[in-house]
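A.B. asks: Curious how this folds, go ahead:
(4 chains)
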Protein chains: 2
Amino acid sequence: MEENKYVTIYDIAERLNLATSTISRALKDHHTISEKTIKKVKKTAEEMGFVPNTLAAGLRGNKTKTIGVLIPTVTQPFLSSLISGIEIAAQKSGYTVIIMQSHDSSEEEVNMAKSLYSNRVSGVICSLAMETRDTSHFLQFSNNNIPLVFVDRVPKDFNTFRVVIDNYSAGYKATKHLIDQGCTRIAHLTAGSEFGNLYNERKRGYTEALRDHNLPVDEELIVNLKSVTYEAGVKASNKLFDLNPIPDGIFAPGDIIAVSAVQTAKKRGIKVPEDVAVIGFNNDPISEIIDPNLSTITHPAEKMGKAAAEIIIKKLKSAKHDEVKEITFLNTEVLVRESSARK
Amino acid sequence: MEENKYVTIYDIAERLNLATSTISRALKDHHTISEKTIKKVKKTAEEMGFVPNTLAAGLRGNKTKTIGVLIPTVTQPFLSSLISGIEIAAQKSGYTVIIMQSHDSSEEEVNMAKSLYSNRVSGVICSLAMETRDTSHFLQFSNNNIPLVFVDRVPKDFNTFRVVIDNYSAGYKATKHLIDQGCTRIAHLTAGSEFGNLYNERKRGYTEALRDHNLPVDEELIVNLKSVTYEAGVKASNKLFDLNPIPDGIFAPGDIIAVSAVQTAKKRGIKVPEDVAVIGFNNDPISEIIDPNLSTITHPAEKMGKAAAEIIIKKLKSAKHDEVKEITFLNTEVLVRESSARK
DNA sequence: TTGTATGCGTTATCAC
DNA sequence: GTGATAACGCATACAA
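C.D. replies: Sure thing, here's the model as predicted:
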């Protein structure tokens, strides 16, 4: 390894008395270069500690083999698993992933999007910040034919790829499961009603399931959370357990919230699942650990990440300027564990 | 926003009948450019939808304002919090963060390091893969004067910056806390004894604390985990609870492991903290949620990330080629919660 | 099969 | 205050 100096193809060319173009081609196994030369070049490159300069290559070719990921935070199990999936798929095709966090702020999201564009990423995967309404900062990508995929928290009206689950049917399934367990007074914790079509869809599934099974939709059993945190969950759960009679089932749109309901119930001497059956959402690691184990809806984070990355890579390969922007729906399943198993 | 074409400073220059050099300088508030021109240029740039090309700038100036982060995985609370800290500090100084995961594989770590180098990152922050012994793939950074900071899982013998906690004294404190609670038969779960000086240090703190308080170091109370997973923790805990008498205290070097001990105890009818007091490590979110709440040692992930990023930024600013590579120690604290509170 | 020449977008140097 | 020009490292069109 040379000291203090980047080795370039020019250095290799000089050493071997070849043209830089030959070096460049040899390093990429170009078919017009002889086996012998290729071997020789690669060997010397290795010896001299040559590492290609991606900046130069990207500038020249106007493509970077980089996928930009723009998400609210990496500290949520769902999102870190999403990254994991993206990364695995990207790596398989030789793509680099660059991750930026919006911290659920629209303003930061705008800046980060600009930064990704500035870095000339080849494609973008995004899960929207909670407060984002205006999505015009994503036009710079679609206008320039940079593949853009929204995942999970997607905008309503933006013509691009989406990878999502069917939140409506997931909410329906969760609720139906509780009904199947014999629950008749099922509560629902929900969040972000104004924007998040995501939570709204789960709620719609909940109400439809009740209706389909001739159960009343009781507004006092639907509690809106200010934020999706453990503390907010405790507060909301206490509200439910203050009712008389208390609900005999709870569908929470996230595992953290569901866990808060379970713990709050336990603290108040309410038995789970005997007195109240609980089902969460996401299948976060914690759902398997708490006691009783939490029933939940699977949310295939890693698969979604993989799918999103593959869409981008495929799009980049075909290079066609087609206008078909499909929506990819991934499956969810009811995972029955102790917290809702009554029979 | 223009369609399908990156706007360059050349386009702006043409539109305004100015030289590209003037545009470039105006956009950076260069003092030799008149206020009027600066304003005009910025306005037109905005109008035309100009976004600087970081690749070109990086190539030209041979610096990218990008910090590369190389960690085992993003799906661990400690590491995702670390990233969060890095990102916040980086963003404040206009740096971009690019994250790569080694998945605890040395081979991938070597590749990713090369990729970071290839991307001409300005600095690197790394927490080593579990299996990494040979660290020569990091020489490319130090040899080329690219600031390199190791965090948490650091190599023994590499002359560069380190940001760590004092694992020895943390282990000592945890053990002493259990002793203070009246425990006399304290078990320790540990891991990766061959390499990880990190776990070894915690263990050393454990044994020293016992010795200092005239308690015997009983080898049957020290169980080595194959991996730091919940399942491995359950297995090890069962081994401990099969002993007669069982230990009256357990110090686990991670919260997941500690939680597995607590849950296993509960399942066997052993009371926590009455029969056995448990203390973990890291202060992961789960430690506050399980019942009983888990006592733990704080591990200031976000602060560590912030510190690491700041070291790099500072180093980059000074540009001096000094040889002082300090080690930054961050504080840890005993967080007493229910799982170890006996009095 | 290999070489020559050029340009990607920016910035620094030097000139005016 | 502003302009012309070269250079960063690589990849490609074209020539040989």
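A.B. asks: near DNA strand D, which residues of chain A show up?
C.D. replies: Applying Cβ under 7 Å from any atom of the strand, we find that chain A lies next to DNA strand D at A:6, A:8-10, A:20-21, A:24-25, A:27-28, A:50, A:52-53, A:56-57, A:59-61. (C-beta placed from N, C-alpha, C; glycine too.)
A.B. asks: 6 Å instead?
C.D. replies: Residues of chain A lying close to DNA strand D by Cβ under 6 Å from any atom of the strand are A:6, A:8-10, A:20-21, A:24-25, A:52-53, A:56-57, A:59-61.
A.B. asks: Could you tell me which of those residues count as buried?
C.D. replies: Restricting the residues of chain A next to DNA strand D to buried positions leaves A:8, A:9, A:24, A:25, A:52, A:53, A:56, A:57, A:59, with burial counted as 16 or more other Cβ atoms under 10 Å in any protein chain shown.
A.B. asks: For the stretch 151-300 of chain A, which segments count as helices?
C.D. replies: A:167-180, A:197-212, A:230-241, A:255-267, A:286-289 (DSSP state H, counting those that start in this stretch).
A.B. asks: looking at those helices, which is buried most?
C.D. replies: helix A:255-267 (a mean of 24; mean count of other Cβ atoms under 10 Å in any protein chain shown).
A.B. asks: Helix A:230-241 and that helix, what's the angle between them?
C.D. replies: For helix A:255-267 against helix A:230-241, the angle by axes from the mean of the first three to the mean of the last three Cα atoms, to 10 degrees is 50 degrees.
A.B. asks: Okay, now the unreliable bits of the stretch 201-343 of chain A?
C.D. replies: Scanning the stretch 201-343 of chain A for pLDDT under 70 picks out the ranges A:319-322.
A.B. asks: Swap in 90 and give it another go.
C.D. replies: A:226-228, A:291, A:317-326, A:342-343 (pLDDT under 90).
A.B. asks: can you pull out the strands in it?
C.D. replies: A:222-225, A:249-251, A:277-279, A:296-297, A:327-330, A:334-335 (DSSP state E, counting those that start in this stretch).
A.B. asks: any chance of these in JSON lines, plus mean neighbour count and distance to residue A:127?
C.D. replies: As requested, the strands of the stretch 201-343 of chain A are exported to JSON lines (neighbours: other Cβ atoms under 10 Å in any protein chain shown; distance: least, Cβ to Cβ, whole Å):
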{"stretch": "strand A:222-225", "mean neighbour count": "18", "distance to residue A:127": "19"}
{"stretch": "strand A:249-251", "mean neighbour count": "30", "distance to residue A:127": "23"}
{"stretch": "strand A:277-279", "mean neighbour count": "28", "distance to residue A:127": "23"}
{"stretch": "strand A:296-297", "mean neighbour count": "28", "distance to residue A:127": "18"}
{"stretch": "strand A:327-330", "mean neighbour count": "15", "distance to residue A:127": "14"}
{"stretch": "strand A:334-335", "mean neighbour count": "18", "distance to residue A:127": "22"}
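A.B. asks: Please render these as TSV that adds distance to residue B:269 to the earlier fields.
C.D. replies: Listed next are the strands of the stretch 201-343 of chain A as TSV, based on distance: least, Cβ to Cβ, whole Å:
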stretch	distance to residue B:269
strand A:222-225	36
strand A:249-251	29
strand A:277-279	24
strand A:296-297	27
strand A:327-330	42
strand A:334-335	28
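A.B. asks: just to revisit the earlier point, which pair in the residues of chain A next to DNA strand D spans the largest distance?
C.D. replies: A:6 and A:25 (20.3 Å; Cβ to Cβ).
A.B. asks: got the contact list for residue A:52?
C.D. replies: Going by Cβ atoms under 8 Å, 6 or more residues apart in numbering or on different chains, residue A:52 touches A:27, B:118.
A.B. asks: That one - that's part of a helix, no?
C.D. replies: No: assessed by DSSP: H, G, I helix; E, B strand; the rest coil, residue A:52 does not belong to a helix; its assignment is coil.
A.B. asks: Stretch A:105-120: which residues count as buried?
C.D. replies: For stretch A:105-120, burial by neighbour count (16+ other Cβ under 10 Å) applies to A:105-106, A:108-110, A:112-113, A:115-120.
A.B. asks: circling back: just name the closest of the residues of chain A next to DNA strand D to residue B:259, please.
C.D. replies: Using Cβ to Cβ, residue A:52 comes nearest to residue B:259 of the residues of chain A next to DNA strand D, at 45.5 Å.
A.B. asks: Write out the residues of the stretch 1-150 of chain A neighbouring DNA strand C.
C.D. replies: Taking Cβ under 6 Å from any atom of the strand as the contact definition, the stretch 1-150 of chain A meets DNA strand C at A:18, A:19, A:20, A:21, A:22, A:32, A:33, A:34, A:37, A:59, A:60.
A.B. asks: Out of these, list just those in helices.
C.D. replies: Of these, the ones assigned to helices by DSSP state H are A:20, A:21, A:22, A:37, A:59, A:60.
A.B. asks: Make TSV from those residues and add pLDDT and distance to chain B to it.
C.D. replies: Shown next, in TSV, are these (pLDDT from 0 to 100; distance: Cβ to the nearest Cβ, whole Å):
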residue	pLDDT	distance to chain B
A:20	96	16
A:21	96	19
A:22	97	21
A:37	95	23
A:59	96	4
A:60	95	9
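A.B. asks: Take those and write them to TSV, including distance to residue A:272.
C.D. replies: Formatted as TSV, those follow (distance: Cβ to Cβ, whole Å):
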residue	distance to residue A:272
A:20	70
A:21	70
A:22	71
A:37	71
A:59	59
A:60	61
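A.B. asks: Using the three-state scheme, assign the nearest residue to residue A:105 once chain neighbours are set aside.
C.D. replies: What sits nearest to residue A:105 in space, not counting adjacent residues and going by Cβ to Cβ, 6 or more residues apart in numbering or on different chains, is residue A:129, at 5.9 Å. The three-state label for residue A:129, taken from three-state DSSP, comes out as coil.
A.B. asks: In contact with residue A:129, which residues?
C.D. replies: Contact criterion Cβ under 8 Å, 6+ apart gives A:72, A:102, A:103, A:104, A:105, A:106, A:108, A:109 as the residues in contact with residue A:129.
A.B. asks: and what of residue A:189?
C.D. replies: Going by Cβ under 8 Å, 6+ apart, residue A:189 touches A:223, A:225, A:233, A:236, A:237, A:250, A:251, A:252, A:253, A:257, A:261.
A.B. asks: and if you look at residue A:329?
C.D. replies: Neighbouring residues of residue A:329 by Cβ under 8 Å, 6+ apart: A:164, A:165, A:166.
A.B. asks: was I right about the first one contacting residue A:152?
C.D. replies: Yep, that's residue A:164 we're talking about. Yes: Residue A:164 is within contact range of residue A:152, at 6.2 Å (criterion: Cβ atoms under 8 Å).
A.B. asks: Looking at the two, which is more packed in?
C.D. replies: residue A:152 (23 against 18; other Cβ atoms under 10 Å in any protein chain shown).
A.B. asks: Would you list the phi and psi of the more buried one?
C.D. replies: As for residue A:152, its main-chain torsions (degrees, to the nearest 10) stand at phi 60, psi -80.
A.B. asks: Without its sequence neighbours, what residue ends up closest to the residue positioned nearest the centre of chain A?
C.D. replies: The centroid of chain A falls nearest to residue A:82 when counting by Cα atoms, centre = their mean (4.2 Å). Counting by Cβ to Cβ, 6+ apart, residue A:82 lies nearest to residue A:305, which is 4.2 Å off, once chain neighbours are set aside.
A.B. asks: and the gap between that neighbour and residue A:328?
C.D. replies: Note on residue A:305: its distance to residue A:328, by Cβ to Cβ, to the nearest Å, is 12 Å.
A.B. asks: same thing with residue A:76?
C.D. replies: For residue A:76, the distance to residue A:328 (Cβ to Cβ) stands at 21 Å.
A.B. asks: Also residue A:206?
C.D. replies: 24 Å.
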